[in-house]
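Peer 1: give me a 3D structure for the following:
(4 chains)
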2 protein chains.
Amino acid sequence: MISDRQAKERERRKDQILKGALTVFKEKGLEKATMDEIAKQADFGKATLYYYFHSKEEIFIELLDRGWKMIWESIEPAIEDHEQPKESFMQALHIIGGLVTDNKTLFEFLFTAPQMMPGALMEGKPAWKSYQNKMYGVFQGLLEEGMAKGEFPEMQSDIMMRAIGGLFHGLFFLGHGEKRMSRETMEEFITSFIGNYGNS
Amino acid sequence: MISDRQAKERERRKDQILKGALTVFKEKGLEKATMDEIAKQADFGKATLYYYFHSKEEIFIELLDRGWKMIWESIEPAIEDHEQPKESFMQALHIIGGLVTDNKTLFEFLFTAPQMMPGALMEGKPAWKSYQNKMYGVFQGLLEEGMAKGEFPEMQSDIMMRAIGGLFHGLFFLGHGEKRMSRETMEEFITSFIGNYGNS
DNA sequence: TTATGTTTCGAATTGTGATTCGAAATTTAA
DNA sequence: TTAAATTTCGAATCACAATTCGAAACATAA
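Peer 2: Next up is the predicted model:
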């Protein structure tokens, strides 16, 4: 019998493990990360990790699932309104930008994880993937409605998506290097990019 | 004693191995790729790979070194001239675009490899990294000169670099999915992005 | 307080895959 | 033609890290 109190305690421990795992995954990647190291980070014995999770992969997946769920839920309210697509679009980017700024480690992981993932883990429509898809779908939808309203230039929306996705990603995780950028700078930059682009 | 003929033959075999390795690395990543599989792809016995290379990592590194060297050497002549920075910039992008289009597998690998690489392999200034740095340095230089000449808007060049890098990368390796884009489309897109941006 | 359920853990176990070995095949050159 | 050098390879090693085990520590509630 599991009391309510105990359930919460378990959650806390899962979080503790997840947090440790994030640190290790982030710097070693999925393959190079060892359970020993994760255990040490999380301050548990190795075997305990297996009490809470089935496998290393499961930890990895859970991290993704929770992360993308959180992104989706943060975005959702801002995109209900389809009256001003460009505005909603900007607002959503703004929100994500805020999340990223507040928790760089997690988001760097979320946006980078797919790269470190062997195809096998993508089997069976993972939850995180569906959140990710929903999100991209909405962005692309806003783009298309924005074009229809003349708020964005006419252009294949999927290409525009790639461009903006790449831009956003590039701004945060500067492909080839070192430092990050402040929220302000990025916001200004994206705004001016989309703005200029739309106006020319 | 190694005759000239033999040396060339060796090179051919190294190429053969490298080519097989590329295929495997591309779809499995560095960790998941096995020497057995690479050997099979290259049509050699596993042990033979060790006759030509020290280790799996060495194969990986050699792939990167040769690839980046090739990029650099293709770019170099086009950027000697600093009279028209924007033009040189575009021309260089154009060249890379061409290379990419002609050899997608290799370039997807080159641009993705850093993601799959554990920090250890970055020790000791690897050759490929220095080519990469040279390249980014030149691009950034052209950007700055272009700004000085009013061909690009005033803006922190490193941020502009991230944006364009992300844009380029996004266009080719559409972060979240499936198909690629044609050279024509990409060229038009980048041109119009930089063009609009510069003019607004 | 004690029996039962829950949680923890270090020490085996196991599987996988990189690397090495040593013998054969092939090529070279005298 | 034949000895030396080069190349090839499948079958051992060997290392490493995921997973499992079984015994303790701890909590709960009767």
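
Peer 1: DNA strand C contacts on chain A?
Peer 2: Within chain A, the positions near DNA strand C by C-beta under 7 Å from any atom of the strand are A:1-2, A:6, A:9-10, A:13, A:44-48, A:51-52. The C-beta positions use only the backbone N, C-alpha and C, and glycine is treated the same way.

Peer 1: and the residues you listed, which is closest to DNA strand D?
Peer 2: residue A:47 (3.5 Å; C-beta to the nearest atom of the strand).

Peer 1: before we move on, which element is that closest one in?
Peer 2: Assigned by DSSP states H and E, residue A:47 belongs to helix A:46-52.

Peer 1: that helix near DNA strand D at all?
Peer 2: Yes. Applying C-beta under 7 Å from any atom of the strand, one finds helix A:46-52 in contact with DNA strand D at A:46, A:47, A:50.

Peer 1: pull up the per-residue confidence for the spatially closest residue to residue A:110 that is not a sequence neighbour.
Peer 2: Using C-beta to C-beta, 6 or more residues apart in numbering or on different chains and skipping residues adjacent in sequence, the residue nearest residue A:110 is residue A:67, 4.5 Å away. For residue A:67, the pLDDT comes out at 96.

Peer 1: how close does residue A:67 sit to residue A:137?
Peer 2: Distance from residue A:67 to residue A:137, counting by C-beta to C-beta, to the nearest Å: 18 Å.

Peer 1: circling back to that earlier point, just send the residues of helix A:46-52 next to DNA strand D back as TSV, with neighbour count and pLDDT too.
Peer 2: TSV is the format used below for these (neighbours: other C-beta atoms under 10 Å in any protein chain shown; pLDDT from 0 to 100):
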residue	neighbour count	pLDDT
A:46	14	96
A:47	9	96
A:50	14	97
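
Peer 1: list the residues that contact residue A:85.
Peer 2: A:142, A:143, A:145, A:146, A:149, A:151 (C-beta atoms under 8 Å, 6 or more residues apart in numbering or on different chains).

Peer 1: identify, from these, the entry nearest to residue B:25.
Peer 2: residue A:143 (34.4 Å; C-beta to C-beta).

Peer 1: phi, psi for the closest one please.
Peer 2: Main-chain dihedrals, residue A:143, degrees, to the nearest 10: phi -60, psi -50.

Peer 1: what does the pLDDT read for the residue nearest to it when sequence neighbours are not counted?
Peer 2: The spatial neighbour of residue A:143 that comes closest, neighbours along the chain excluded (C-beta to C-beta, 6+ apart), is residue A:157 at 4.7 Å. Listed pLDDT for residue A:157 reads 78.

Peer 1: does whichever helix in chain A runs longest reach DNA strand D?
Peer 2: Criterion DSSP state H: the longest helix present in chain A is helix A:4-32. Yes. Using C-beta under 7 Å from any atom of the strand, we find that helix A:4-32 touches DNA strand D at A:5, A:6, A:32.

Peer 1: from residue B:67, how far out is the residue nearest the centre of chain A?
Peer 2: Nearest to the mean C-alpha position of chain A, counting by C-alpha atoms, centre = their mean, stands residue A:110 at 4.3 Å. In this view, residue A:110 and residue B:67 are 28 Å apart by C-beta to C-beta.

Peer 1: now residue A:76
Peer 2: Using C-beta to C-beta, residue A:76 is found at 42 Å from residue B:67.

Peer 1: the more surrounded of those two?
Peer 2: A direct count of neighbours by other C-beta atoms under 10 Å in any protein chain shown for residue A:76 and residue B:67 places residue B:67 higher, at 23 against 14.

Peer 1: continuing past the helix or strand that contains that one, what's the next helix or strand?
Peer 2: Assigned by DSSP H and E, residue B:67 belongs to helix B:56-75. Remark: after helix B:56-75, the chain's next helix or strand is helix B:85-102, criterion DSSP H and E.

Peer 1: need the CA coordinates for that following helix. CSV is fine.
Peer 2: Taking Å, rounded to 0.1, in the frame of the first residue of the first chain, the C-alpha atoms of helix B:85-102 are listed here in CSV:
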residue,chain,number,x,y,z
PRO,B,85,32.6,41.5,-48.8
LYS,B,86,29.0,40.8,-49.4
GLU,B,87,29.6,39.4,-52.8
SER,B,88,32.5,37.2,-51.5
PHE,B,89,30.3,36.1,-48.6
MET,B,90,27.5,35.0,-50.9
GLN,B,91,29.9,33.4,-53.3
ALA,B,92,31.4,31.3,-50.5
LEU,B,93,28.0,30.2,-49.3
HIS,B,94,27.1,29.4,-52.8
ILE,B,95,30.2,27.2,-53.1
ILE,B,96,29.5,25.4,-49.9
GLY,B,97,25.9,24.9,-51.0
GLY,B,98,27.2,23.3,-54.2
LEU,B,99,29.4,20.9,-52.3
VAL,B,100,26.7,20.0,-49.9
THR,B,101,24.3,19.3,-52.8
ASP,B,102,26.8,17.1,-54.5
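
Peer 1: spatially, which residue comes closest to residue A:17, not counting chain neighbours?
Peer 2: Take residue A:17 and drop its neighbours on the chain: the residue closest to it by C-beta to C-beta, 6+ apart is residue A:42, 4.6 Å away.

Peer 1: what about the one you found, how many neighbours?
Peer 2: Neighbours around residue A:42, by other C-beta under 10 Å: 25.

Peer 1: where does pLDDT dip in chain A?
Peer 2: A:1-2, A:159, A:170-200 (pLDDT under 70).

Peer 1: one more time with 50, if that's ok
Peer 2: A:175-179, A:198-200 (pLDDT under 50).
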